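[1] model this:
(chains A and B)
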Amino acid sequence: MKGGAIHSPPMPANVPEILSQRLLEAMRSAVGGTLPQGASPALSPAKNPQFGDFQANGCMALGKQVGKPPRDLAAAVVGSLARDAAFLEIAEAPEVAGPGFINIRLKPAALASALDAMDGPALGVPAPAPARTVVVDLCGVNLAKEMHVGHLRATVIGDALARLHARLGHRVLRQNHFGDWGLPIAMVTLEVKTRSEAGRLDMASLTLDRLEALYRHAKAASTPDKAALALCRRHGLGPKATAECEAQALAAEENLARAKSALVALQSHDPAYVRVWERISEVTLAACFENCRRLHADVTGEHTAGESSYAEELAPLVADLEARRVAEPSDGALVIRLDEFGIKEPVIVRKSDGGFIYATTDLAAIRRRVQKLGGEVVIYAVDARQSLHFRQVFAGARKAGYTRTASGAEATLVHAAFGTVLGEDGRPFKTRSGDNVKLADLLDEAVARAERAVAEKNPALDAAERRLVAEAVGIGAIKYADLSSDRIKDYVFSFDRMLAFEGNTGPYLQYALARIRSIFRKAREQLGIDEASLVSRRAALALSAPEEKAIALELLKYPGVLAASAEACEPHRLCGYLYDLATAFSAFFSNCPVLQAPDDATRLSRLRLCHLTGRVLKDGLDSLGLIPLERM
RNA sequence: GCCCCCGUAGCUCAACUGGACAGAGCAACGGAUUUCUAAUCCGUCGGUUGGAGGUUCGAGUCCUCCCGGGGGCGCCA
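    Purely as a prediction, here's the structure:
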């Protein structure tokens, strides 16, 4: 979704809206005047077709509030609705069921006109009131490190949340919090610099693969092998082994000291170090942006703010905390106590050696995002293992006043935490040797598998299109698998399942859309029917078959699902909805001939259903960051 | 030791934030193709929602305790 999203003007035929209004009115008269705070008809699509099209559960909650039997209240509500002309224009006289449910059946004409009203540019999605600025923290790559499945989730989920909010009409700013600062970074910078100066490394042809190896090497060389040393001492492995261990420890200490001075050099902008560091950064980000491009995730340089970009802000920030006594000394360090937020663990903002740590940077990031970028909502798509860290930092920022927006309101901070990606053995997803799986390799394999499937199922596609389709299907499958289950839970990574064409998968949704597109190609070729004219002529919708009615009701849910999915930061809700819609369409497709419909009116009506279903599917896929396909 | 998250069909996952008989896909079994992509659709089988209490008209969902799994707990990011 680019720039400003599209929105509906106030809709004359917003059926759920009207039903809710009439219900609320009826509830008011049922209690004789004033409703208690928060009373709502709780109107929702019927859970089961036998209960009608919509159900209102509000009378049961109301009964509890006003101390009256819910069934009596519901009976009174139903009684006054049965005399309400505005209500009866769109629905049959409602019924009470069970402990106080109100079941509502729409009149066929009302269903058709609701659908017709939805077929505008916005697909029934209202403009937000008010539109907000939403900052989304996503991706979070680290310098000199390959992206792996953890970054996959942070990127895919974060990008989907950004798209969802943008689709609803909010102003969205993506922020890729790039880990490019700190001691480990200094280590690898020093390593690269030393090798390059010794002529053993060509900076121009530096690859991320090579960088990651150097990073590991540098890190190992600066870490005393305590385990080995302990082993030598405990088991008396002989003077030679012990001496080797001690030598390693000594060397590590020296290397660590060198890394620390490299960090100081970087911090004081020593050009020789900065040049190397910038090159490493460039190589890392080039790979990151290439991965994001393939992932169809909108993350580029303009969305990237390195930790280094906060470096100059940290000392003043901490001084501010100290001056205002938000932070206090503790064992030589400076901490913010968070007891008033129910958090026992204080957050350290300055180490006893005077250095800053990641919590300090995260505070600076919150301050920038809220007070400089104008974020009213800041969402973090970050691993659930950082839950405590974010609770601390959010509370600390609040205590410091960094969450106060320009208008004086408190920004909403959300940790959209996600679980771990597991292999099919139920253990964290790793290679056999225990290393992280490179994201790029994962994408390659998904695309290769998708290409084999496409070649087999649709040999008619030429090689170039097959390649494009495979890319969209393979990558889409991975993304959808990541988005379609509750993000807080761990999920099991399985190529076979995610690339299946049955069940709640990306390919299944893309396929449903491709079938719709195919119908319109044939409609044009064989019958000369143009999709655009279909809409402009507002062909009448006749919803007689159960499959037609089922799709119509499903379509009407879209705006509500989109809003709920964004509000809860849970893309899987939208996924589940799109799967239901695609399923309803598939049932329709096999039972209701469109082009071969019995008469012209039915054909046009069904074509409009296809058109609207296709639009919602495409809009939904766009909002999740999957690529809709004309053909597959 | 303290804190957080998770536990739903053999497997992988849902359940609109407290609503009606807990739903899908896979697997197993049985059907549907002169028709727009069968990459599909329809049906059958499959459940003490980890356990025990509690709250209420109503609990997979909220509270308490237990069991099991994962994670995190100032000076790494």
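[2] can we go C-alpha only for contacts and neighbour counts from here?
    Noted.
[3] Hmm, A:C232 is touching A:A241, no?
    Yes. Counting by CA atoms under 8 Å, A:A241 is a contact partner of A:C232 at 6.8 Å.
[4] Of the two, give the one with the bigger neighbour count.
    A:C232 (20 against 16; other CA atoms under 10 Å).
[5] Can you check the pLDDT for the more buried one?
    Turning to A:C232, the model gives it a pLDDT of 70.
[6] what's the helix or strand for A:V283?
    helix A:271-294 (DSSP states H and E).
[7] Could you list the residues in contact with that helix?
    A:141-147, A:155, A:180, A:189-190, A:192-193, A:203, A:206-208, A:211, A:262, A:265-266, A:298-301, A:439-440, A:475 (CA atoms under 8 Å, 6 or more residues apart in numbering).
[8] From these, list just the buried residues.
    Among the contacts of helix A:271-294, the ones that count as buried by 16 or more other CA atoms under 10 Å are A:141-147, A:155, A:180, A:189-190, A:192-193, A:203, A:207-208, A:211, A:262, A:265-266, A:298-300, A:439-440, A:475.
[9] Of those residues, which belong to helices?
    Counting by DSSP state H, the buried ones among the contacts of helix A:271-294 place A:155, A:189-190, A:192-193, A:208, A:211, A:262, A:265-266, A:439-440, A:475 in helices.
[10] how about the residues you listed, which pair is most distant?
    A:A265 and A:I475 (41.8 Å; CA to CA).
[11] possible to save the ones in helices among the buried ones among the contacts of helix A:271-294 as a markdown table with distance to RNA strand B and pLDDT?
    As requested, these are exported to a markdown table (distance: CA to the nearest atom of the strand, whole Å; pLDDT from 0 to 100):
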| residue | distance to RNA strand B | pLDDT |
| --- | --- | --- |
| A:T155 | 16 | 98 |
| A:T189 | 15 | 97 |
| A:L190 | 16 | 96 |
| A:V192 | 19 | 97 |
| A:K193 | 20 | 97 |
| A:L208 | 18 | 97 |
| A:L211 | 17 | 96 |
| A:A262 | 14 | 95 |
| A:A265 | 16 | 96 |
| A:L266 | 14 | 95 |
| A:L439 | 19 | 96 |
| A:A440 | 21 | 96 |
| A:I475 | 14 | 98 |
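[12] Make JSON lines out of those and add distance to A:T133.
    Converted to JSON lines, these look like this (distance: CA to CA, whole Å):
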{"residue": "A:T155", "distance to A:T133": "20"}
{"residue": "A:T189", "distance to A:T133": "37"}
{"residue": "A:L190", "distance to A:T133": "40"}
{"residue": "A:V192", "distance to A:T133": "41"}
{"residue": "A:K193", "distance to A:T133": "42"}
{"residue": "A:L208", "distance to A:T133": "35"}
{"residue": "A:L211", "distance to A:T133": "37"}
{"residue": "A:A262", "distance to A:T133": "39"}
{"residue": "A:A265", "distance to A:T133": "38"}
{"residue": "A:L266", "distance to A:T133": "34"}
{"residue": "A:L439", "distance to A:T133": "31"}
{"residue": "A:A440", "distance to A:T133": "32"}
{"residue": "A:I475", "distance to A:T133": "29"}
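[13] what's A:A566 in contact with, if anything?
    Contacts of A:A566 by CA under 8 Å, 6+ apart are A:161, A:164-165.
[14] Could you pick out the longest strand of chain A?
    Criterion DSSP state E: the longest strand present in chain A is strand A:171-178.
[15] Could I get the phi/psi values of the residue with the largest distance to the centre of chain A?
    The outermost residue of chain A, judged against the average C-alpha position, is A:P239 (56.6 Å), by CA atoms, centre = their mean. With angles defined as degrees, to the nearest 10, A:P239 sits at phi -60, psi -30.
[16] same question, A:F54
    The phi/psi pair for A:F54 (degrees, to the nearest 10) reads phi -130, psi 160.
[17] residues near A:A82, how many?
    Counted with other CA under 10 Å, the neighbours of A:A82 add up to 17.
[18] can you tell me which residues contact the residue nearest to it when sequence neighbours are not counted?
    What sits nearest to A:A82 in space, not counting adjacent residues and going by CA to CA, 6 or more residues apart in numbering, is A:A93, at 5.3 Å. Residues counted as contacts of A:A93 (CA under 8 Å, 6+ apart) are A:78, A:81-82, A:104-105.
[19] Please report how far A:A93 lies from A:A262.
    78 Å (CA to CA, to the nearest Å).
[20] again, but for A:G560
    Separation of A:G560 from A:A262 (CA to CA): 54 Å.
[21] Run the angle between the helix holding A:V283 and strand A:171-178 for me.
    If you take axes from the mean of the first three to the mean of the last three CA atoms, to 10 degrees, helix A:271-294 sits at 130 degrees to strand A:171-178.
[22] Quick check: buried residues in helix A:271-294?
    Quick answer for helix A:271-294 (16+ other CA under 10 Å): A:273-274, A:276-277, A:279-281, A:283-289, A:291-292.
[23] Just after that helix, pick out the following helix or strand.
    Counting by DSSP H and E, what follows helix A:271-294 is strand A:304-306.
[24] What mean pLDDT does that following strand get?
    So the average pLDDT for strand A:304-306 ends up being 98.
[25] Repeat that for stretch A:400-419.
    96.
[26] can you check stretch A:354-368 too?
    97.
[27] which residues are contacting it?
    A:307, A:310-311, A:313-314, A:317-318, A:333, A:347-351, A:389, A:393-394, A:396-397, A:402-403.
[28] Provide a PyMOL selection command restricted to the buried entries of the residues you listed.
    For the buried members of those, the matching PyMOL selection, counting by 16+ other CA under 10 Å, is:
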select buried, chain A and resi 307+310+311+314+317+318+333+347+348+349+350+351+389+393+394+396+397+402+403
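[29] sorry, back to before: the helix holding A:V283 close to RNA strand B?
    No. On the criterion CA under 7 Å from any atom of the strand, helix A:271-294 is out of touch with RNA strand B, staying 14.3 Å away.
[30] And stretch A:347-366, by the same measure?
    Yes. On the criterion CA under 7 Å from any atom of the strand, stretch A:347-366 is in touch with RNA strand B at A:347-348, A:350-353, A:356-358.
[31] Could you check which helix or strand contains the residue nearest the centre of chain A?
    Central residue of chain A (CA atoms, centre = their mean): A:I157, 2.9 Å from the mean position. Using DSSP H and E, A:I157 sits in helix A:149-167.
[32] What residues of that helix count as buried?
    Neighbour-count burial for helix A:149-167 [16+ other CA under 10 Å]: A:149-167.
[33] Tally up the residues packed near A:G434, please.
    For A:G434, using other CA under 10 Å, the count is 9.
[34] does it count as helix, strand or coil?
    coil (DSSP: H, G, I helix; E, B strand; the rest coil).
[35] Repeat that for A:L334.
    strand.
[36] Give me the residue ranges of the stretch 201-350 of chain A where confidence is low.
    For the stretch 201-350 of chain A, applying pLDDT under 70 flags the ranges A:227, A:229-230, A:233-234, A:236-237.
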